[in-house]
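In: missing the sequence, but the structure's below:
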C-alpha cells in the first residue's frame, strides 16, 4: 500500500469508494425496510456531490446544522433541507429568507424566542415556516424535556407564520454507551419517548406529522420503533473508530482514512507522523474503551497515537526503528470523522487502491 | 457589547487591533533588547498580512511548519522562510524545489534520512540547502537528544548539497508547567542545553552560527540566555487562555476572541452557544489548572464551557435563565488559539469595538 500511494502528498483524506457506496446502500435499505424516511446529516461529508448520491439512493432530503451548510447544498440544487439547529438573530434570519427562495427549508427549535423570530419572518414573507420541536431524549444539549413538550408545542403553534409539523431529537448520547447493546437500548428508549410525546401532542389537537430521530449508532434500531417517521444519520457514510468501538461498524466498513507519513523516529519507542491536531482533531473516543489515543493506525493495532501537537502525531510503540521507517506511509481511521473532514479542502476517491478523482468539501468551515 | 456587534454573524473571530499591535511590539522589543533575532511562527495567524507586519516590526523572517504555509507566505513576497519541520518524501521535495525559486528557505531535521533527501535535492539544483539540527530539549516530540547531537551533526555535515547552519529546538513542554516560574526554569534549562550543545558542535569544527529556540511561554526568558541567537514564538500575537493560565498573558492581552450567540437555554443550569468543536476545537488547557472546559467566556468567570459537540458549546452555570438570554452574544477566549484560527476563513479586525476590515486566513488548512 505504501509505495502505491507515494504519489499522494500527505496528510490526505482517502475515501474507499466501494466501501462508501456499500455504507450508503445499507442505510438506504434499512430506511426502506423500516418504512421511514432517510434524511442524512451532511455535516459528516459537507460535500454536495455526496449528498446528491444519498438523494439518488432514496433519501428524502438532507439535514444540516448551519445555514452556511444549507446554502452550499441549495447552490448544488438540493431542494429539501432541514436545519436541525435553532436559528437565532437578525443576520441568520436574513440569510434564511434568501435560502427559502431556493429551497424548502424546515427548522428545529426549542424556545419561544427562536419561534418568534421565525414567526416574524414567516409573517413578513407571507409563508408558514415548517418547524419541528426539539426534544431532549437524554443528550442534554438542546431540546425541551418530554414532559415540557406539550406546553412549548402549544406556545409555538399559537404563533402566526410558523407551522409546527413535527418533533425531532438527536439521541447522540448512545455514543457514550459501552456496547452495541447499550446503544440499542438507548435507541429503543429514545424512539418510544418520541412516539409517546408525539401521541400526547396529537391528543391535544396538534398536527404532529413527523417524528424525526438521529444518529448513526442508533439508526439500525430506532428506525424500527413504531411511530418514528424519519432517521437522520450522518457518520454512516464513512464510519469512524467511535462506531467501531461501539460495535456498529468494523474496520472494514470504515470508508475514510487519513494517509500520513512517518517523518521522524527519534527514539526506539516513539515515531512521529505528519498528521497532528490540525488534521486529526483532538477528539478522543466517545464510547468507554481501554483504547487510548487519537485514532487507529491500520495494520498496527499495537501502536497508540499517544499525543498530538498541531502538525505532529506522536506514536507510542516498541521497537519503533525496526517496525517503521522514515518516509513510510500509514493509514489512520480517526476517532471522529466529522470534524476531520471539516479540516480538509478535498478528499481523494480511491478505487482498488488507485486515486480516481476528488470530492471537494465545499461546506468546510461553514459554521454560521 | 452585545448590541454593538449584533451586525456580525456568529461564530466569528474578532481581533482587537490595538491589543494585537501591542503584543507584536512587545515581542519585537524583547528580541531587540536581548539582541536575538525574532522569527515568528506564522502557524498561529496563517495570514500573510500579519506576517508582513511582524517583518515591518523587525522580524528577520518567518517560521512555518508545513511547505503549504511557506508557499502562501512566499506568494505574498516573504523571502526568508524557515520550515521547522522534517521534509520527507518525493512530493514534498518537489514542492520544495519550486519554493526555493521564490524564497530563501532553511529547514530543520532530525534524521539522516531527511538530510539525504535534501542532500540529493541540493545536488540536483546545485545549491547548499541550509539545515538546522533539531534538538529535543524535553518536549519529546521530534529532535535528537543533546548527547546524540554531535554524531548526527557530523553525519549531516558530511553530506553534499546541504549546509548545517545551526541547531533548533521547540521547548513547548513549558506550557505543561504549573506556573510562570516553572516555565521560566524550563526556558533557562532549554537555553543552556542549546548553548552547550552548540559549543560542543563548534569544538568539533562544525560551523554552528544559529541557536534557534521557540515558544511564546518561554520567549521572555530564553531570549536572554547567552548563546541563543533567535526566538520563534507564535501565539504571542493573540495569546490565549493557555498563556493566561500559565501567567505569561492576561485577559487584557488576549487579542483574539470568538464572538458566539446563546441559541438555547434548555434548563436553568445549562445554556448553549453556537460555537462547538468545529469552532473552538476540542483542545483542553495545557497547564495544570482547576479550570475546566473549552474556553473562557469573558465577563462570566463562573461559567464553564463544559462540553462541546460539533456546532454546540454547552455552558454549565447556575440561574442560566436569569443570567443569559437567547440571542445574546458573548466573547470567548479559546484555550489554544492556533487550531481555532485554522478553522476560520477570515478574522474581523476590531478597533474600539467597531469592525474595520478583515484578515484572510490564507494558509488555513495548509497541513501539507
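Out: Now that the structure is in, tell me what you want to look at. Given the structure is predicted, the values throughout are model-derived calculations rather than measurements.
In: give the residue spans of chain A that score low on pLDDT.
Out: Low-confidence segments of chain A (pLDDT under 70): A:1-4.
In: just after the top strand by length along it, pick out the following helix or strand.
Out: Longest strand in chain A, counting residues (DSSP state E): strand A:256-267. Proceeding N to C from strand A:256-267, the next assigned helix or strand is strand A:270-273, under DSSP states H and E.
In: is residue A:74 located within a strand, as I assumed?
Out: No: read with DSSP: H, G, I helix; E, B strand; the rest coil, residue A:74 is helix and lies in no strand.
In: neighbours of it, how many?
Out: Residues near residue A:74, counting by other CB atoms under 10 Å in any protein chain shown, number 23. Heads up, the C-betas are built off the backbone N, CA and C, glycines and all.
In: you'd agree it is up against residue A:103?
Out: Yes: taking contacts as CB atoms under 8 Å, residue A:74 lies within contact range of residue A:103: 4.4 Å.
In: give me the common contacts of these two.
Out: Common contacts of residue A:74 and residue A:103 (CB atoms under 8 Å, 6 or more residues apart in numbering or on different chains): residue A:81.
In: spell out which residues sit in contact with residue A:235, please.
Out: Contacts for residue A:235 (CB under 8 Å, 6+ apart) come out as A:44, A:216, A:242-243, A:337-338.
In: how does it look with 10 Å?
Out: A:23, A:40-41, A:43-45, A:175, A:215-217, A:219, A:242-243, A:248-249, A:336-338 (CB atoms under 10 Å, 6 or more residues apart in numbering or on different chains).
In: one more: residue A:317?
Out: Applying CB under 10 Å, 6+ apart, one finds that residue A:317 lies in contact with A:265, A:268-271, A:297, A:300, A:302-304, A:306, A:323-324.
In: how about it, phi and psi?
Out: Dihedral pair for residue A:317: phi -160, psi 160, per degrees, to the nearest 10.
In: I'd like to know how far it sits from residue A:268.
Out: Separation of residue A:317 from residue A:268 (CB to CB, to the nearest Å): 9 Å.
In: cool, and residue A:115?
Out: The spacing between residue A:115 and residue A:268, counted by CB to CB, is 62 Å.
In: hmm, the top helix by length along chain A in reach of chain B?
Out: Longest helix in chain A, counting residues (DSSP state H): helix A:180-203. No: applying CB under 10 Å from any CB of the partner chain, one finds helix A:180-203 separated from chain B by no less than 15.2 Å.
In: now do that helix: distance to the chain's middle.
Out: 20 Å (CA atoms, centre = their mean, to the nearest Å).
In: against residue A:231, how distant is residue A:34?
Out: Distance, residue A:34 to residue A:231, by CB to CB: 8 Å.
In: ugh, typo on my part, it should be residue A:261
Out: Taking CB to CB, one finds residue A:261 at 38 Å from residue A:231.
In: repeat that for residue A:133.
Out: Going from residue A:133 to residue A:231 by CB to CB gives 18 Å.
In: same check on residue A:151?
Out: Distance of residue A:151 to residue A:231, given as CB to CB: 27 Å.
In: list the contacts of stretch A:146-158.
Out: Residues from elsewhere that reach stretch A:146-158, judged by CB under 10 Å, 6+ apart: A:109-112, A:114-116, A:118-119, A:131-137, A:143-145, A:162-164, A:167, A:169, A:193-194, A:196-198, A:200-201, A:203-208, B:266-267.
In: repeat the analysis, applying 8 Å as the threshold.
Out: Outside stretch A:146-158, the residues touching it (CB under 8 Å, 6+ apart) are A:109-112, A:115, A:131, A:133, A:135-137, A:144, A:162, A:164, A:167, A:193, A:196-197, A:200-201, A:204, A:206, A:208.
In: picking up where we left off before, with neighbour numbers in mind, choose between residue A:151 and residue A:231.
Out: Using other CB under 10 Å as the criterion, residue A:151 and residue A:231 rank with residue A:231 on top: 28 against 11.
In: doesn't residue A:219 make contact with the more buried one?
Out: Yes: counting by CB under 8 Å, residue A:231 touches residue A:219, with 5.0 Å between them.
In: overlap in contacts of the two?
Out: Common contact partners of residue A:231 and residue A:219 (CB under 8 Å, 6+ apart): residue A:30.
In: stretch A:338-346 and chain B, any residue contact?
Out: Yes: residues of stretch A:338-346 contacting chain B under CB under 8 Å from any CB of the partner chain: A:338-339, A:342-345.
In: give the buried residues for the longest helix of chain A.
Out: Neighbour-count burial for helix A:180-203, with 16 or more other CB atoms under 10 Å in any protein chain shown as criterion, is recorded at A:180, A:182-184, A:186-187, A:189-195, A:197-198, A:201.
In: tell me how far residue A:36 lies from chain B.
Out: Distance of residue A:36 to chain B, computed by CB to the nearest CB, to the nearest Å: 24 Å.
In: residues in contact with the residue nearest to that residue when sequence neighbours are not counted?
Out: In space, and not counting its chain neighbours, residue A:36 is closest to residue A:223: 5.1 Å by CB to CB, 6 or more residues apart in numbering or on different chains. Counting by CB under 8 Å, 6+ apart, residue A:223 makes contact with A:30-31, A:33-34, A:36, A:231.
In: mark which of the residues you listed are buried, thanks.
Out: Buried positions within the contacts of residue A:223, assessed by neighbour count (16+ other CB under 10 Å), are A:30-31, A:34, A:36, A:231.
In: just the closest of these to residue A:92, please.
Out: Set against residue A:92, the nearest of the buried ones among the contacts of residue A:223 by CB to CB is residue A:231 (26.4 Å).
In: what sits against the closest one?
Out: Shown in contact with residue A:231 (CB under 8 Å, 6+ apart): A:30-31, A:34, A:36-39, A:212-214, A:219, A:222-223.
In: tell me the bridge partners for it.
Out: Bridge pairing for residue A:231 (DSSP bridges) gives the partners residue A:38, residue A:213.
In: how close does it sit to chain B?
Out: 18 Å.
In: on that earlier part again, which of residue A:115 and residue A:268 has more neighbours?
Out: residue A:115 (26 against 13).
In: no more questions from me, cheers.
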